[in-house]
Every structure is written in C-alpha cells, then in structure tokens.
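Engineer: coordinates only, no sequence provided:
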C-alpha cells in the first residue's frame, strides 16, 4: 500500500508546499514562482525515489523442521508468493511415501546446525511443538551466532498468506483466543458502528431493493428467502436474503458460483452480492455484524464441526455480512473449500481489530468493483487439509 501511496501523495505535497511558500515568500521577499519550482522539484524527487527499484537480493532459503509432508503444501502456497523465498527441503525423518517435485530431505534433526551451515538456510520453520523445542535446544547449544531465523509454521503462514494453516495447527494455538487480553464477543464500539452503517446502508439500498424485489417477483416465487443459520455462541437465527434460486425441495447443501438452480436475475445478484442486502436487517437486530465469519446452515455446520478441527472457534464472534474468508476464499462449495475458509476465519478471529475490519471493508469494495477475488485461494488449499499428505 505504501508503494502506491507515496507516489500518489506527491501532488498533495507539492500543493501544500506551494501554499506555504507563498507565505514564506511574502515575509522573506523571495519570488514565490522560483520557490514553487523548487517545491515541484522536491515533490517529483519523492515520487522518483519511491518508484526506484531496489537491488535484488538473494532469495530467502527456507527449511522445514518437523512434518516433512507439509513441504509440498508449503511449496504450492509459495508459488503465488515467489518474493517470500524458496523451500530448500526439510530436516527430519523421511516420510512414509515419496514427496512430489524437487523437495528433498536435507538430513536428520541431530545434524541441524551443520545442515543450516551447509545449505545456507536463512529461515527455519518448525511445524510442531516437539520440533520447536528440539530446534531451540540444538541452536542454543551450537549456533546462536548463526544468521538463521526461526519461526513456527503457523505464524509464518499467518504473516505470509493471511490464514491459519489447519495442516500445521496445534492445540497450543488456542492460547491466542484464551489469553486474558483477548476480548471475545462484540465490542460496544463495533456494535455502534454496525448500527450506524446498517441505517445508512439501508436508506441507500432501499431503491435498489425495490427494483430487485420487482424483478425477483416477476421470475415467480417469494421475494425474500429465509433460512436458519448458526450465529454467535452457536445460537441459531433466521437470515434474510433476496431469492436468487428457483424454489426446490428444502434440503441443506452447498451452493457455488455456477449453481444450476440460480435464476437469471439471481446470477447478477450473486455476482454483485446484492442478494445479501436484506441482511442489513439482521445486522440492525444484532444477529450479525458488518464484518465477521459467514454463518452456516445448522446441518452443514454440524457436519463441518465433526470434519474440520477448531471449527467451533468461528462461533466466538458474531457472523458478518462480509469477512476475511469472503474476500479471500469465495464460495466454499465443499468440505475442502470450507476448511480453507475456516483457515481465513481463524486468522481473522485471532487478529480482529478496528483496522482489520476497515481493511476487509476496503477489500470488499475492491472485489465488488473489480471481481478479482479468490485468485490465490486454490494455491492455499493444501495448507487447509487437516490430514496433510504429499498428494493434497
């Protein structure tokens, strides 16, 4: 963001400096035109410096300590983040089956210091509590003066990919949401913001809803679609949506972007997310928030709770109209897709704040305008597997 904000601020800096130069010029009796030219040259210099290419440094060499089967998943995720670094290999015992690609074993854990030195490892990722303990014991005894840095794989994924990898998560992760400093529930400030936004959005959306209601009614069937969803603390509530599908026998199932049940007007509403506008009422009533995990149907939620670890953590916060998983993962469509969205939801629940909510709202606007969401979601799916394997 800073890469683009600094050049964009150049004209504003020039304008402010020009206005200030007039005041200075009058008092110091300096020709304001000459001073303005100096200010323009300075602002152009700022723009040029911000656009200047940094010299390319050597790619960060990464090694994984612990679960060797996560190497392939990590490589798949790094394909869309080539600037982060490259995975050289793993340290530990060989896996039961062969690894795909060029991933290879660097050596046993007991030779960790020598492996780091021999392979020029810059970053060591530890994938388990046992691996973390072993790594620090070996490094403390042999090579504290080395330049290698150590980080947990889960933390690395959160910082690099913006998700909490279920493939590497351990019970210790729950410390982040059970810590005394963590505040569950909905803060008063967020609730006030939800009410204000829902009132303003409701007034602005009223004409759009009226037109959509007529078009949906012409297609036949009811205008609004009501469905039970699971909310905060596992409490069920009734969600409101503009009907975008043909009326079928009621049974809970996943929907997708190319769902054959979608009507002609429903296809437009789902692409622009206008079918979600009636949920402004849910936000005003307190069933939902503007930003949060999307609520799931009861039967599907129970099915996912049994299949996906830490799924219930999503219910610590109020569900939302939009969320980190929505702008990053799109439609779930399956258990694998739902697992990936849980990865994004866990990241949001751990890091949620007013600033994060603002970023999500900006990302929501961007995805609605440019329709470029979900481009990297498929590369991260392997990190969402609760039972990682080389074939994931």
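Structural biologist: Perfect, thanks for sending it. Note that the coordinates shown come from a computational prediction; the quantities given were computed from them, not determined experimentally. Numbering: from 1, shown residues only.

Engineer: shaky segments in the stretch 251-392 of the chain?
Structural biologist: Scanning the stretch 251-392 of the chain for pLDDT under 70 picks out the ranges 251-260, 330-333, 369-377, 386-392.

Engineer: what are the ranges of the helices in it?
Structural biologist: 264-272, 279-285, 298-307, 324-329, 335-351, 354-370, 377-380 (DSSP state H, counting those that start in this stretch).

Engineer: residues in contact with the last one?
Structural biologist: Spelled out, it's helix 377-380. Outside helix 377-380, the residues that touch it by C-beta atoms under 8 Å, 6 or more residues apart in numbering are 76, 77, 79, 80, 161, 163, 328, 329, 330, 340, 343. From N, CA and C alone the C-beta is placed, and that goes for glycine too.

Engineer: which of the residues you listed are buried? Put it as a ChimeraX command.
Structural biologist: In ChimeraX syntax, the buried subset of the contacts of helix 377-380 is picked out as below (16 or more other C-beta atoms under 10 Å):
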select :76,77,161,163,328,329,330,340,343
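
Engineer: which of the contacts of helix 377-380 sits closest to residue 194?
Structural biologist: Distance to residue 194 across the contacts of helix 377-380 (C-beta to C-beta) is lowest for residue 328, with 21.6 Å.

Engineer: measure the residue nearest to that closest one when sequence neighbours are not counted to residue 90 for me?
Structural biologist: Nearest non-adjacent residue to residue 328, counting by C-beta to C-beta, 6 or more residues apart in numbering: residue 344, 5.1 Å away. Computed as C-beta to C-beta, to the nearest Å, the residue 344 to residue 90 distance reads 26 Å.

Engineer: kindly report the same for residue 294.
Structural biologist: On the measure of C-beta to C-beta, residue 294 and residue 90 end up 35 Å apart.

Engineer: with neighbour numbers in mind, choose between these two.
Structural biologist: Neighbour totals were compared for residue 294 and residue 90, and residue 90 leads with 28 against 21 (other C-beta atoms under 10 Å).

Engineer: residue contacts, the more buried one?
Structural biologist: Counting by C-beta under 8 Å, 6+ apart, residue 90 makes contact with 63, 64, 65, 66, 68, 71, 103, 104, 105, 106.

Engineer: with residue 170 instead?
Structural biologist: Going by C-beta under 8 Å, 6+ apart, residue 170 touches 128, 129, 154.

Engineer: over to it: give its phi and psi.
Structural biologist: When read as degrees, to the nearest 10, the backbone of residue 170 gives phi -130, psi 160.

Engineer: residue 163 too?
Structural biologist: Per-residue torsions, residue 163: phi -150, psi 160 (degrees, to the nearest 10).

Engineer: next, find the distance separating it from residue 210.
Structural biologist: Residue 163 is 39 Å from residue 210, by C-beta to C-beta.

Engineer: how about residue 153?
Structural biologist: The value you get for residue 153 to residue 210, if C-beta to C-beta is used, is 51 Å.

Engineer: of these two, who's got more company?
Structural biologist: residue 153 (26 against 9).

Engineer: doesn't residue 166 make contact with the more buried one?
Structural biologist: No. The criterion here is C-beta atoms under 8 Å, and residue 153 misses it with residue 166 at 11.6 Å.

Engineer: report the next helix or strand after the strand or helix carrying residue 90 in sequence order.
Structural biologist: For residue 90, the host element (DSSP states H and E) is strand 86-91. Beyond strand 86-91 in the direction of the C-terminus, DSSP H and E gives the next helix or strand as strand 105-107.

Engineer: who are the packing partners of that next one?
Structural biologist: Here strand 105-107 touches strand 86-91, helix 112-119, going by 3 or more C-beta pairs under 8 Å, 6 or more residues apart in numbering; DSSP states H and E.

Engineer: okay if I get those as JSON lines plus mean pLDDT and distance to residue 243?
Structural biologist: As requested, the helices and strands packed on strand 105-107 are exported to JSON lines (pLDDT from 0 to 100; distance: least, C-beta to C-beta, whole Å):
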{"stretch": "strand 86-91", "mean pLDDT": "89", "distance to residue 243": "47"}
{"stretch": "helix 112-119", "mean pLDDT": "88", "distance to residue 243": "59"}
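
Engineer: turn those into TSV, including distance to residue 176.
Structural biologist: Shown next, in TSV, are these (distance: least, C-beta to C-beta, whole Å):
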stretch	distance to residue 176
strand 86-91	26
helix 112-119	27
